[in-house]
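Peer 1: please work out how this folds:
(one chain, ligands or ions: 1)
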Amino acid sequence: MSSRQYLIAANWKLNGNTELANEIFAELQNTLVDNSIEVLVCPPALYLGGIQAKLQNDYQPLSDKLKLGAQTLSAYQQGAYTGELSGAMLKEFGASYVIVGHSERRALFSESNQVVAEKFAACLSQGLMPILCVGETLEERETEQTFAVIEQMLTSIVERNGVEAFANAVIAYEPVWAIGTGKSATSEQAQQVHKFIRQFVAKLSAVTADNIKILYGGSVNPSNAAEIFAQPDVDGGLIGGASLKSAQFKELCEIAKSA
Ligand code: PEP
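Peer 2: Modelled structure (predicted):
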């Protein structure tokens with residue numbers, strides 16, 4: 001029997017500020033006391049240092065329970081790459097996780113599976129935990145390519161990072177058609193893909209498959225979370241819109257605690 005703890009991760013995208021972090025920390029103070037779930041907040045990277053300081057100075061009891069992460073990173077370590085932020089820089093300012101391969105990065109910033117695999121490698125080389133996002137578009141689902149697309153996304157990570165790639169990683173299943181649309185996958189759809197992902201990892205390592213957290217992301221909110229989180233291969237959520245409302249985010253954490 002696995003001892004996987006639920007992880008509730010907030011992806012703020014290009015939203016939020018230090019004040020939102022303050023609201024969320026105030027809201028979560030009493031929720032996280034018992035260490036029964038893990039919570040992660042991924043603000044825009046510019047805010048990481050200030051939010052880390054706020055956490056340590058004003059919310060000390062939360063600071064070893066609530067982690068901070070970034071939404072992307074450079075595939076490069078250093079050099080002439082204007083505008084980029086390396087894993088080491090993000091780590092210095094409080095990140096311990098990084099989201100890689102979010103569908104918005106893939107679609108809007110042309111990140112191919114190869115680029116995502118490089119970014120995944122950049123995380124591992126800095127001891128940062130990658131949260132690898134995989135998921136199909138609506139067209140891919142309707143043409144029954146869901147599993148093939150996800151398998152290719154996972155395979156390209158293994159080709160670059162080896163069979164141990166997922167030993168220190170999180171995977172998030174995020175159907176593209178469910179992100180920010182208000183139309184979540186059903187719990188059955190989520191479970192089917194999560195099981196497929198865990199089986200893929202099991203072919204590399206049974207131990208890693210048992211330990212790895214597989215999050216669901218795509219229009220999770222307090223009214224659909226309980227059913228999704230109750231699925232055997234769902235270990236929490238990557239939350240976009242609902243992570244910007246501190247009361248809703250807290251509710252999602254409470255649902256995970258009792259899932
Ligand atoms: C996301 O961007 O990762 C996400 C899941 O967004 P939302 O919850 O708004 O669908």
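
Peer 1: return the residues of the stretch 1-150 of the chain in contact with the ligand.
Peer 2: For the stretch 1-150 of the chain, the residues in contact with the ligand under the definition Cβ under 6 Å from any ligand atom are residue 11. Every C-beta, even on glycine, is put in place using the N, C-alpha and C of the backbone.

Peer 1: ok, the one residue in the stretch 1-150 of the chain that gets nearest to the ligand - contacts?
Peer 2: Distances between the stretch 1-150 of the chain and the ligand by Cβ to the nearest ligand atom are smallest at residue 11, namely 4.4 Å. Neighbour list for residue 11: 42, 71, 99, 102, 217, 238-240, 243 [criterion: Cβ atoms under 8 Å, 6 or more residues apart in numbering].

Peer 1: chain center to stretch 130-146: distance?
Peer 2: Between the centre of stretch 130-146 and the centre of its host chain there is 16 Å, according to Cα atoms, centre = their mean, to the nearest Å.

Peer 1: what about the strands in this structure?
Peer 2: All strands of the chain, identified by DSSP state E, fall at 7-11, 38-42, 66-70, 95-100, 129-134, 170-173, 213-217, 236-239.

Peer 1: retrieve the pLDDT associated with the residue of the chain found nearest the ligand.
Peer 2: When you check the chain against the ligand by Cβ to the nearest ligand atom, the closest residue turns out to be residue 240, at 2.1 Å. Looking at residue 240, its pLDDT stands at 98.

Peer 1: neighbours around it, how many?
Peer 2: 21 (other Cβ atoms under 10 Å).

Peer 1: what about it, distance to residue 215?
Peer 2: With distances defined as Cβ to Cβ, to the nearest Å, the gap from residue 240 to residue 215 amounts to 12 Å.

Peer 1: where does this structure dip in pLDDT?
Peer 2: Segments of the chain classed as low confidence (criterion: pLDDT under 70) are 1-2.

Peer 1: which ones are touching the residue of it most remote from its centre?
Peer 2: Here the chain has its C-alpha centre computed as a mean, and the residue farthest from that point, by Cα atoms, centre = their mean, is residue 80 with 28.7 Å. The neighbourhood of residue 80, defined by Cβ under 8 Å, 6+ apart, contains no residues.

Peer 1: phi, psi of it?
Peer 2: Listed backbone geometry of residue 80 is phi -80, psi 70, with angles given as degrees, to the nearest 10.

Peer 1: for the one 3 residues further on, same thing?
Peer 2: In this entry, residue 83 is assigned phi and psi values of phi 90, psi -10 (degrees, to the nearest 10).

Peer 1: and the gap between it and residue 72?
Peer 2: Distance, residue 83 to residue 72, using Cβ to Cβ: 12 Å.

Peer 1: picking that back up, just the strands of the chain: most buried one?
Peer 2: Using mean count of other Cβ atoms under 10 Å, the stretch among these with the largest mean neighbour count is strand 236-239, at a mean of 28.

Peer 1: quick check: buried residues in stretch 136-143?
Peer 2: For stretch 136-143, the neighbour count (16 or more other Cβ atoms under 10 Å) marks 136-137, 140-141 as buried.

Peer 1: among those, which are located in helices?
Peer 2: The helices in this structure, assigned by DSSP state H, contain 140-141 from these.
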